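>>> what shape does this take:
(2 chains)
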Amino acid sequence: MRGKVIAIHSSRGGTGKTVIATNLAATYANKGLNIALLDLDFRAPSLITVFSKGIRGPVKHWLNDFMNGRCTIDQALVDVSEEYGLKGRLLIGLANPTIDAIQNVMGKSRAWEVTAVKKLFSLRSTLFNNMNIDCCIFDTSPGIQYSSINAVISSDVSIIVTTLDSLDIKGVQRMLAEFYDAFEKRTVVLMNKVFPQTRIWSNGRQKEFINQMEKALKHPIIAVIPCYCDVLQAERASLLAIEKSGHPFLRTLQEVAKKLEH
Amino acid sequence: MAAVETSNKKSSTLDVNVLLKTLVDELNQVSKKLDSLVELNGKMLKMQEEFLQSITNKSSRRKAIEFEPDAMTLLSLPRSLRKTVMALYKVKEATAEDLSRETKRLRAVESASANQLVRMGLLKKKREGRKVYFYID
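The predicted structure follows:
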C-alpha cells in the first residue's frame, strides 16, 4: 500500500464520488494507515462541508494556494485524525469554496495546467518520503476537465464511480475508451447506488451482472454497492466510517480498500 | 543712354521676379513631396506595426494551442510520444537513458521520441558535459 495515489473520478456528478473518497480515506486511517485526502474539485469543493465538524478554526492555506505556489503541501493539509478518533493520520487538503477562488481556477492558462500536473507528481516525494503518508486519495471533479485529468494522470490507480443510469454508463464507456486507455492507467469501476429492487441482487445474478458489465466496459468492476437510503439521507457533514462502522456500505468499502492494497 | 539704362533696370527686376516666382513654385513642390513622403512613412510605420502585432498574436496563439504539454495536448499525441512526456512529468528532467528506465523501452526509442518532442516545442533539452537532459519547461 505504501506510496499509492488513488484518484476517485466519475463521468457525471452525483454518483457518490465524495462519499466513496471520504469513507475510503477514513477506512484506511481507521486501520492505522496515514492518509492524505485532497479535494481536487476546484470548481465545486465539497470536503470543506464533509469535514466541517473536524476542522478547528479558519483554514490558513487552501489546496489552491499550494497549486499556485503560495504554500507548501504540508501547510495546505489539515490534520483531522484526532477529531474523528482515527488510529492513523488523516490529513485533508481543502479546495477554496469562494467564488473568487473558483473564478481564478476557471481562468487558468494551459501553461498553468502543465505546472499543476508537475505539482501533483511532485507531491509524491513530499507526502511519501517526508511526511510518512501511506496513501494519497484525490477526490476529483466529474467528467473530462483539467482538474480531473491532471489528477488521473498523476495517480497510480483510478476508481470510476458510476450508477446504473444509462447516461452514466455511456459516459464511463466513452471516458474509458477515449481517455483512460490513452494514458494506460490501472482503472477499476465501482458501481454505486444500485437499486435494491434490481434483479441482480437475487442469488447468483450478481456475478453474472458483474461479468456483463466488465465485458461492456472492458475494465474490472471492483464492487457493486446497493443504494442505501440511510447513506443518501445521512448528513453531508458526517463520516459514515466513524458513525456507522458496521454498515454494509462500509463493509463493501473495506473490501474495496483491501483489493486496492495490492 | 538714360532710356537704355531704364530698360536694363526693368529687365533685371523682371528676371529677379521670375526667378523668385520659379523658386517659390519649386519650394512648394518640394514641400508637397516632403508632405507625401511623411504621409507615406506614417503609413509604412502603421503597416509595420500591424504586421508585427499579427506575428505576435499568431505566435502566442500557436504557443497556447500547440506548445504546452498539458493533459489535453497529451491526449492528441501519438501513444509513443505521450509515454515519454508522462515519464518526464515523473522525473522532471532526464537523459534518454533515464527515460528508457522509466518507460521500459529502448534508449534509442526514447532518444528519438524526446527529440521529436523537442522539435515540436513540447520539451526542452540542455547539454551538461556529455549528457543531454530533456525537460518540460
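>>> where does chain B dip in pLDDT?
Within chain B, the stretches with pLDDT under 70 are B:1-10, B:41-67.
>>> domain map for it?
B:1-65, B:71-135 (automatic domain parsing).
>>> which stretch among these approaches chain A most closely?
For the domains of chain B, proximity to chain A was assessed by Cβ to the nearest Cβ; domain B:71-135 is nearest, at 4.0 Å. To be clear about C-beta, it is placed using only N, CA and C from the backbone, and glycine gets the same treatment.
>>> report whether that closest one contacts chain A.
Yes: judged by Cβ under 8 Å from any Cβ of the partner chain, domain B:71-135 comes into contact with chain A at B:71-75, B:79, B:82-83, B:86, B:89-90, B:92.
>>> dump the residue contacts of A:Lys118.
If you count contacts by Cβ atoms under 8 Å, 6 or more residues apart in numbering or on different chains, A:Lys118 has them with B:89, B:92, B:136.
>>> now, the residues you listed that are in strands?
In strands, judged by DSSP state E, none of these are found.
>>> closest to A:Lys53 out of these?
Within the contacts of A:Lys118, distances to A:Lys53 taken as Cβ to Cβ reach their minimum at B:Tyr89, with 36.6 Å.
>>> please name the nearest non-neighbouring residue to that closest one.
A:Phe121 (5.0 Å; Cβ to Cβ, 6 or more residues apart in numbering or on different chains).
>>> helices along the chain, start to end?
Chain wasn't specified; assuming chain A. A:17-30, A:47-50, A:63-67, A:73-76, A:81-84, A:99-106, A:110-124, A:146-153, A:166-175, A:181-183, A:205-217, A:229-233, A:240-243, A:248-260 (DSSP state H).
>>> wrong one, chain B
So, for chain B - with DSSP H - the helices run B:2-66, B:71-76, B:79-91, B:96-103, B:107-119.
>>> ok, now which ones touch the residue lying closest to A:Asp139 once chain neighbours are set aside?
Distances taken as Cβ to Cβ, 6+ apart place A:Ala21 nearest to A:Asp139, at 3.9 Å, with adjacent residues excluded. The neighbours of A:Ala21, taking Cβ under 8 Å, 6+ apart as the test, are A:8, A:37, A:137-139.
>>> so which of those is the closest to chain B?
A:Phe138 (13.8 Å).
>>> what residues are up against the residue nearest to B:Tyr89?
Contacts of A:Phe121 by Cβ under 8 Å, 6+ apart are A:154, B:89-90.
>>> and the helices of chain A: which comes nearest A:Ala223?
The nearest among these, by Cβ to Cβ, is helix A:248-260 at 5.0 Å.
>>> mind listing what's buried along the closest one?
By neighbour count on 16 or more other Cβ atoms under 10 Å in any protein chain shown, the buried set for helix A:248-260 is A:249-250, A:252-254, A:256-257, A:260.
>>> same deal with stretch B:101-109?
Going by 16+ other Cβ under 10 Å, stretch B:101-109 has these buried residues: B:102-103, B:105, B:109.
>>> hmm, back to that, can you pick out the most distant pair from the contacts of A:Ala21?
Applying Cβ to Cβ across those, the maximum distance is between A:Ile8 and A:Leu37, 9.6 Å.
>>> find residues that contact each of these two.
A:21, A:137, A:139.
>>> would you turn those into JSON lines with pLDDT and distance to B:Gln29?
Output for the shared contacts of A:Ile8 and A:Leu37, formatted as JSON lines (pLDDT from 0 to 100; distance: Cβ to Cβ, whole Å):
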{"residue": "A:Ala21", "pLDDT": "96", "distance to B:Gln29": "84"}
{"residue": "A:Ile137", "pLDDT": "98", "distance to B:Gln29": "84"}
{"residue": "A:Asp139", "pLDDT": "97", "distance to B:Gln29": "80"}
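>>> switch the residues you listed over to CSV; also include distance to B:Val132.
Formatted as CSV, the shared contacts of A:Ile8 and A:Leu37 follow (distance: Cβ to Cβ, whole Å):
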residue, distance to B:Val132
A:Ala21, 42
A:Ile137, 38
A:Asp139, 40
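>>> ok, so of the residues you listed, who is nearest A:Asp41?
Out of the shared contacts of A:Ile8 and A:Leu37, the member with the shortest distance to A:Asp41 (by Cβ to Cβ) is A:Asp139, at 6.2 Å.
>>> the closest one touches A:Leu38, doesn't it?
Yes: contact criterion Cβ atoms under 8 Å: A:Asp139 and A:Leu38 qualify, at 6.9 Å.
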